[in-house]
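Engineer: Model the following, please.
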Amino acid sequence: MRALWFIIQREIVSNVLTSRFMIGFIVCLLSTAVAVFVQVDDYEKRLAGYNTAVREAEVEAREWKLYSKIKPKAHRKPNPLGIFNVGTENFGANTVTVELGKPIFELSFPIWQAPTQKRGSDNPFLAMFLTVDVVFVFKIVLSALAILFAYNTISGEREDGTLKLVLSNAIPRDTIVLGKYLGGMLSLFPIVLMSLIVALIIALSSRVTAFDGNDIAHVVLIFAVSLLYVSTWYLLGLLLSIWTKTAATTLILSMFIWVILTSVHSNAVAFAVDKFPPYKSNPESAALRPAFEVWDQFKKERDAYIKQRGYSKLTDPITWEPETRHTGTGKGSASGGYYLIESYSVTNVTKADTSIFQEMLGYQEQLRVEYANKAEEILNKPGEERERNAKFADMLSRISFADTYDFAVGTITGTDRQNYNDFIQNARAYKREIVEYLKDKEAFSSRAWFSDDKGAAELTDLPVFEHRRLSLAESLSRASVDILILLVWNIVLFMTAYVSFLRYDMS
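Structural biologist: Numbering: from 1, shown residues only. The predicted model follows:
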């Protein structure tokens with residue numbers, strides 16, 4: 001134990017008393033501070049946009065008088081942990097408008113009156129700049145710093161003759177490997193800790209950020225995973241230092257691998273999967289025509305019911321005047337619509353017996369919801385196919401320590417792609433909740449569906465959308481695979497370095 005502590009102390013002193021430690025410390029601290037300032041400002045803007053959107057939706061809701069006019073909105077609240085890892089916070093929709101006759105879906109090309117809307121700037125330069133966050137700094141700067149601390153641990157001491165001197169003191173080789181690893185990690189520990197503390201202090205200094213206990217627990221978990229990530233790179237540098245004869249060779253080889261794993265690998269995987277997707281799919285626009293066919297089926301079934309009931313030739317004062325039009329310029333076209341708008345009215349509603357009209361609506365509107373769900377399944381297939389290819393790309397990307405770390409922290413902060421997909425799925429679930437709410441109120445066949453002459457729709461208990469964030473246990477469970485991958489890499493690299501040093505030849 002005494003020999004181990006001697007090696008640890010020696011390693012710490014040799015790292016801390018060097019210019020690379022101070023330069024690395026300052027660079028990491030300043031980079032983190034700048035990144036957090038930028039992300040806090042962006043978070044404040046996104047939160048202001050969210051609050052404005054919620055207030056506007058509340059004002060709009062107070063104007064609803066008919067059940068047929070309700071258009072509740074599902075808003076995605078900005079995640080304060082996005083300050084540390086922006087992830088998908090600036091990606092995709094912030095608001096989903098729920099309409100009974102409109103499917104909830106996303107396509108990569110713009111569609112007129114799409115159910116999903118994005119708030120904020122679409123400036124590509126600004127979006128690129130906003131991707132620089134704490135995790136990005138850790139991913140790049142800390143990994144490079146770990147390499148710089150580790151590259152001369154063995155090969156450097158071999159060159160200057162100190163390694164032979166240490167081995168001549170009968171210190172076990174396993175103690176040397178363990179001591180150098182622990183000494184190196186203890187040297188890097190204060191840099192990671194102080195950078196994260198500075199990031200947290202700057203984040204908390206904002207007038208709008210409010211971290212609860214769950215958020216702080218997530219930050220602690222980010223710190224632990226960051227240490228595991230740094231450890232992976234340090235062990236890689238230590239291993240290469242054992243395998244090579246000179247420190248210069250170790251550094252060149254280490255930096256080459258660093259560039260490949262932090263920058264080249266993920267981009268190469270994304271490009272390859274985009275050009276040669278494992279799951280082939282039809283163009284997204286091809287899904288529009290089958291979706292229109294679903295609406296044609298709806299009209300046929302609806303019209304058949306009306307004819308069967310003998311209501312196809314209604315006359316005054318009960319006149320049903322459906323007006324049907326496509327929402328775009330061409331059926332199935334990319335710029336065209338994807339659902340049918342129908343308006344209808346009862347002439348002289350105050351004098352008419354509207355029971356027949358209410359019966360038709362009670363049948364028709366529930367049928368419309370069912371067919372909207374069928375169209376939604378069709379329109380969601382392109383997105384599901386994209387997601388399958390994206391997951392395949394993620395699987396290949398996990399070869400890189402850097403990408404695995406990125407996935408792990410994105411999952412912990414709740415800013416990964418899965419959490420965004422959860423928001424869209426929750427919006428669809430919210431639509432089903434609205435439908436059940438209307439069914440319970442028998443709103444489809446209610447007079448208040450189309451007229452407020454005998455009382456407006458009762459909407460005081462209309463369900464409100466809530467986008468729930470994950471607890472620490474749920475986040476840890478989702479990130480467990482990526483954390484396990486980093487842990488396995490640590491074990492494999494340490495054991496390989498350990499065995500390699502036991503066989504190390506000083507000649």
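
Engineer: For the most centrally placed residue in the chain, give me its contacts.
Structural biologist: In the chain, the residue lying closest to the centroid (Cα atoms, centre = their mean) is residue 416, at 2.5 Å. Residues near residue 416 by Cβ atoms under 8 Å, 6 or more residues apart in numbering: 87-88, 407, 410. From N, CA and C alone the C-beta is placed, and that goes for glycine too.

Engineer: out of those, who's nearest residue 397?
Structural biologist: residue 407 (7.7 Å; Cβ to Cβ).

Engineer: Quick check: the closest one touching residue 399?
Structural biologist: No. Counting by Cβ atoms under 8 Å, residue 407 stays clear of residue 399, with 11.9 Å between them.

Engineer: more crowded one of those two?
Structural biologist: residue 407 (22 against 13; other Cβ atoms under 10 Å).

Engineer: does that one sit in a helix or strand, and which one?
Structural biologist: Assigned by DSSP states H and E, residue 407 belongs to helix 401-413.

Engineer: for the helix or strand following that helix, packing partners?
Structural biologist: As assigned by DSSP H and E, the chain's next helix or strand after helix 401-413 is helix 417-440. With contacts taken as 3 or more Cβ pairs under 8 Å, 6 or more residues apart in numbering; DSSP states H and E, helix 417-440 sits against strand 73-75, strand 95-97, helix 355-397, helix 401-413.

Engineer: quick one: average confidence on the longest one?
Structural biologist: So that's helix 355-397. Averaging pLDDT along helix 355-397 gives 89.

Engineer: what's it packed up against?
Structural biologist: Other helices and strands packing on helix 355-397, by 3+ Cβ pairs under 8 Å, 6+ apart, are helix 265-275, helix 288-308, helix 401-413, helix 417-440.

Engineer: mind listing the helices for the stretch 1-150 of the chain?
Structural biologist: 2-16, 19-62, 124-129, 134-137, 143-150 (DSSP state H, counting those that start in this stretch).

Engineer: what's the least confident stretch among the helices and strands packed on helix 355-397?
Structural biologist: Among the helices and strands packed on helix 355-397, helix 288-308 carries the lowest mean pLDDT (a mean of 85).

Engineer: Can you pull the poorly scored residue ranges out of the stretch 151-300 of the chain?
Structural biologist: Within the stretch 151-300 of the chain, no stretch has pLDDT under 70.

Engineer: Please repeat the previous calculation with a cut-off of 90.
Structural biologist: 152-176, 206-212, 245, 263, 266, 274, 278-296, 298-300 (pLDDT under 90).

Engineer: ok so, going back, roughly how far does the residue nearest to the centre of the chain sit from residue 49?
Structural biologist: From residue 416 across to residue 49, the span is 22 Å (Cβ to Cβ, to the nearest Å).

Engineer: same deal with residue 457?
Structural biologist: 29 Å.

Engineer: okay, these two: which has more neighbours?
Structural biologist: Using other Cβ under 10 Å as the criterion, residue 457 and residue 49 rank with residue 457 on top: 21 against 16.

Engineer: how about that one, secondary structure?
Structural biologist: coil (DSSP: H, G, I helix; E, B strand; the rest coil).

Engineer: residues touching it, list them.
Structural biologist: 64-67, 70, 443, 446, 448-449.

Engineer: Name the member of those residues that has the highest neighbour count.
Structural biologist: Going by other Cβ under 10 Å, residue 67 tops the contacts of residue 457 with 26 neighbours.

Engineer: so what's that one up against?
Structural biologist: Contacts of residue 67 (Cβ under 8 Å, 6+ apart): 438, 441, 443-444, 446, 448-449, 457, 459.

Engineer: Would you mind giving these as JSON lines with distance to residue 225 added?
Structural biologist: Below are these laid out as JSON lines (distance: Cβ to Cβ, whole Å):
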{"residue": "438", "distance to residue 225": "45"}
{"residue": "441", "distance to residue 225": "48"}
{"residue": "443", "distance to residue 225": "49"}
{"residue": "444", "distance to residue 225": "50"}
{"residue": "446", "distance to residue 225": "54"}
{"residue": "448", "distance to residue 225": "54"}
{"residue": "449", "distance to residue 225": "53"}
{"residue": "457", "distance to residue 225": "50"}
{"residue": "459", "distance to residue 225": "45"}
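
Engineer: which among those gets closest to residue 32?
Structural biologist: residue 459 (47.5 Å).

Engineer: Give me the neighbour count for that closest one.
Structural biologist: For residue 459, using other Cβ under 10 Å, the count is 19.

Engineer: Torsion angles phi and psi at the nearest residue to residue 407 once chain neighbours are set aside?
Structural biologist: In this structure, residue 407 finds its nearest non-sequential neighbour in residue 482, 4.8 Å apart by Cβ to Cβ, 6 or more residues apart in numbering. Geometry field for residue 482 lists phi and psi as phi -70, psi -40, criterion degrees, to the nearest 10.

Engineer: How about residue 201?
Structural biologist: The phi/psi pair for residue 201 (degrees, to the nearest 10) is phi -60, psi -50.
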